[in-house]
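[1] With the sequence up front, the predicted model follows.
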Amino acid sequence: MISTASFRVALQALLSGTALLLSPLALARQDEAAPPAPSDEAAPEQPAPAPEPVPEPARPEKPGPTAAAEAKEQSWYERIRIRGYTQFRYNRLPSFRVNDDLINDQGDRFLGRNNGFGIRRARVILFGDVHARVSIYLQPDFASVIGDQYNVTIMRDWYADIFLDAKKEFRLRVGQSKVPFGFENLQSSQNRLALDRNDAINSAVKDERDLGVFFYWAPAEIRQRFKFLVDSGLKGSGDYGVVGFGVYNGQTANRAERNDTPHGVVRVSWPFLFGSQFVEAGVGGYYGRYNLSASPRDGAPYALARGDDQVDARGIVSLTIYPQPLGFQAEFNVGRGPSLGEGPVDGLLIDSRRLRGGYAQLMYKLDGVVGVSLIPYIRGTLYEGGKKFETNAPRYDVREVELGAEWQINKALELTGAYLVSDRTSSRYPYIQQQGHVTRVQLQVNY
């Protein structure tokens, strides 16, 4: 028989076990029903985390490359860029007075009879920095003319700029490049409004280039200004320094030196703001002795030269008021250079004779009218003097007026139409005056 004491002990044990079994359920209900604890109450004590394993002593690391060194340094050929342009031209549009004997061997070879479509220029330019202090500029032309052969590849530019300071304000240009004389001679044909350069200034340096060494200086902010005047479509000449001077062969580009007397040249040009208008003024000149070529050609008698090396010297002044929207550009040069004489006495005597000439151009830039911009222009040219680089150095009398407009359809396409009224001396014997009108159109592709 179970005693009362034993029954009491067994009942107590049963109740205690039941409480233990029900306690999790009770706590869960209590948690659901109870409001959240205030934020300032202490959180229930959590069990202490297990101790983290003690790391092994760090081994000394090998010195690694810096962030700059980790970035792979570009090879020089990876810093070379490419650009260029092509000019397609047609000169046989109807004109008021057509003269097939009107030719221009220095400028547009597509003048005259039996000419139709032509490629005036086809340039591919490779340029870039091959070192922090050295850059290169390489430009062949695939549309040159040699004799009666068209579309001949020839070197135009092939030079290196060597920077003498970290800000690149002082530099030497070594190789075949443009001779720093005038404004339009330095202005790229990709940017120039008129279809060809004027005779008065371009007769100084054929193809604008020669082999030599030139020093250029311009403050950093002025170098940026030169760049802006080109990139903005204002028809700048590019960065040829505020001061530029140097020595060069003097026989013009892609021709061997024929004497031991190099030419010397100096140019000073400064672009500045006049109110809100950009203006650039410049002066310059060169001096040397030119070894000319005299021989019978095209039935011409043999011309006599008074000395093989003749004085070749010019001085020039330039003024450019950039089109914002009205613009004006003018240059004038005077000097002496090899030239045939006039009249029966010295008509076939080549001597260093006086020359003079220049041009003036008015232009107006209309932005957002059609395409990117439309720039109509009118230009007049006057030149009296010899062409030293032509056989027998014939003396020219050039008077021309050109009216035209350039339409920038987009960044890749430009269309120019021009009407030329010309009175010029023929470059072929007997060097007579020819007058005529020419209507031309040119499509330029930029890439």
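    Nice, thanks for sending it over. Residues are numbered from 1 along each chain as shown.
[2] in which helix or strand would I find the closest residue to residue 371 other than its chain neighbours?
    Leaving aside its chain neighbours, residue 371 sits nearest to residue 409 (4.4 Å; criterion: CB to CB, 6 or more residues apart in numbering). In this view, the C-beta of every residue, glycine as well, is placed from N, C-alpha and C. Per DSSP states H and E, residue 409 falls inside strand 395-410.
[3] Mind listing what's buried along that strand?
    Neighbour counts over strand 395-410 (16 or more other CB atoms under 10 Å) mark 395-396, 398-400, 402, 404-408 as buried.
[4] before we move on, the earlier item: who's in contact with the residue nearest to residue 371?
    By CB atoms under 8 Å, 6 or more residues apart in numbering, the contact list for residue 409 reads 371-372, 415.
[5] repeat for residue 281
    By CB under 8 Å, 6+ apart, residue 281 lies in contact with 269-270, 318-320.
[6] if you set the cut-off to 7 Å instead, what comes out?
    The contact partners of residue 281, by CB atoms under 7 Å, 6 or more residues apart in numbering, come to 270, 318-319.
[7] which residues in the stretch 1-150 of the chain form helices?
    Under the criterion DSSP state H, counting those that start in this stretch, the stretch 1-150 of the chain contains helices at 4-33, 67-70.
[8] May I have the strand holding residue 409 as CSV, with CA atoms only?
    Output of strand 395-410 as CSV, limited to C-alpha atoms (Å, rounded to 0.1, in the frame of the first residue of the first chain):
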residue,chain,number,x,y,z
ARG,A,395,57.5,86.3,-114.1
TYR,A,396,53.8,86.3,-113.1
ASP,A,397,51.1,88.9,-113.1
VAL,A,398,48.1,87.5,-111.2
ARG,A,399,44.8,89.3,-110.5
GLU,A,400,42.0,87.1,-109.3
VAL,A,401,38.7,87.3,-107.4
GLU,A,402,37.0,84.2,-105.9
LEU,A,403,33.5,84.0,-104.5
GLY,A,404,32.4,80.9,-102.7
ALA,A,405,30.8,79.3,-99.7
GLU,A,406,31.7,76.3,-97.5
TRP,A,407,28.9,74.2,-96.1
GLN,A,408,29.8,72.0,-93.2
ILE,A,409,27.2,69.3,-93.6
ASN,A,410,28.6,67.5,-90.5
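[9] Tell me which residues are up against the next helix or strand after it.
    On the C-terminal side of strand 395-410, the closest following helix or strand by DSSP H and E is strand 413-425. With contacts defined as CB under 7 Å, 6+ apart, strand 413-425 is touched by 102, 104, 195, 394, 396-409, 431, 433-445.
[10] same deal with stretch 305-314?
    204, 250, 259, 261, 285-292, 294, 333-338, 349-352, 388.
[11] Now that stretch: buried residues?
    305, 309-314.
[12] circling back to that earlier point, so which of the contacts of residue 409 is the closest to residue 209?
    Set against residue 209, the nearest of these by CB to CB is residue 415 (27.7 Å).
[13] Bridge partners for that closest one, pull those for me.
    Bridge pairing for residue 415 (DSSP bridges) gives the partners residue 407, residue 443.
[14] State the number of residues packed around it.
    By other CB atoms under 10 Å, 15 other residues sit near residue 415.
[15] and what of residue 275?
    Residues within reach of residue 275, counting by other CB under 10 Å, total 7.
[16] Roughly how far does it sit from residue 363?
    Counting by CB to CB, to the nearest Å, the gap from residue 275 to residue 363 is 18 Å.
[17] swap in residue 224?
    Distance, residue 224 to residue 363, by CB to CB: 24 Å.
[18] Mind checking which of those two has more residues around it?
    Ranked by neighbour count (other CB under 10 Å), residue 224 and residue 363 place residue 363 first, with 23 against 12.
[19] quick one: secondary structure of the more buried one?
    Three-state call for residue 363 (DSSP: H, G, I helix; E, B strand; the rest coil): strand.
[20] Local confidence estimate at the closest residue to residue 123 other than its chain neighbours?
    Distances taken as CB to CB, 6+ apart put residue 84 closest to residue 123, at 4.7 Å, once the chain neighbours are dropped. pLDDT for residue 84: 98.
[21] who's in contact with residue 84?
    Residues near residue 84 by CB under 7 Å, 6+ apart: 123-125, 447.
[22] try it again with 10 Å
    Residues in contact with residue 84, defined by CB atoms under 10 Å, 6 or more residues apart in numbering, are 121-126, 139-142, 190, 445-447.
[23] Provide a ChimeraX selection command restricted to the buried entries of the residues you listed.
    Selection command for ChimeraX covering only the buried members of the contacts of residue 84, criterion 16+ other CB under 10 Å:
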select :121,122,123,124,125,126,139,140,141,190
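[24] Which two among the buried residues of stretch 305-314 are spaced furthest apart?
    Farthest pair in the buried residues of stretch 305-314 (CB to CB) is 305 and 314. Separation: 19.8 Å.
[25] ok so, going back, output the contacts of residue 409 in JSON lines; the columns should cover distance to residue 110 and pLDDT.
    Output for the contacts of residue 409, formatted as JSON lines (distance: CB to CB, whole Å; pLDDT from 0 to 100):
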{"residue": "371", "distance to residue 110": "26", "pLDDT": "70"}
{"residue": "372", "distance to residue 110": "27", "pLDDT": "79"}
{"residue": "415", "distance to residue 110": "17", "pLDDT": "97"}
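[26] Of those residues, which is the nearest to residue 232?
    For the contacts of residue 409, the nearest to residue 232 is residue 372 (11.2 Å; CB to CB).
[27] Name the nearest residue to that closest one, ignoring sequence neighbours.
    residue 408 (4.0 Å).
[28] Check residue 142 too.
    Distances taken as CB to CB, 6+ apart place residue 122 nearest to residue 142, at 4.1 Å, with adjacent residues excluded.
[29] what is the one you found paired to in the beta sheet?
    In this entry, residue 122 is beta-bridged to residue 86, by DSSP bridges.
[30] Report the contact partners of it.
    If you count contacts by CB under 10 Å, 6+ apart, residue 122 has them with 84-88, 140-144, 151, 153, 445.
[31] out of the contacts of residue 409, who's nearest residue 245?
    Nearest to residue 245 among these, with distances taken as CB to CB, is residue 372, at 36.8 Å.
[32] show me the contacts for the closest one.
    233, 407-411, 413-414.
[33] Is it possible to get TSV of the residues you listed that adds distance to residue 383?
    Formatted as TSV, these follow (distance: CB to CB, whole Å):
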residue	distance to residue 383
233	29
407	29
408	30
409	33
410	36
411	35
413	33
414	27
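[34] For the residue lying closest to residue 87 once chain neighbours are set aside, grab the count of nearby residues.
    Excluding its sequence neighbours, the residue lying closest to residue 87 (CB to CB, 6+ apart) is residue 120, at 4.2 Å. Residues lying near residue 120 (other CB under 10 Å) number 22.
[35] pLDDT score for residue 120?
    If you check residue 120, the pLDDT there is 95.
[36] repeat for residue 414
    On the pLDDT scale, residue 414 is placed at 97.
[37] And for residue 106?
    For residue 106, the pLDDT comes out at 84.
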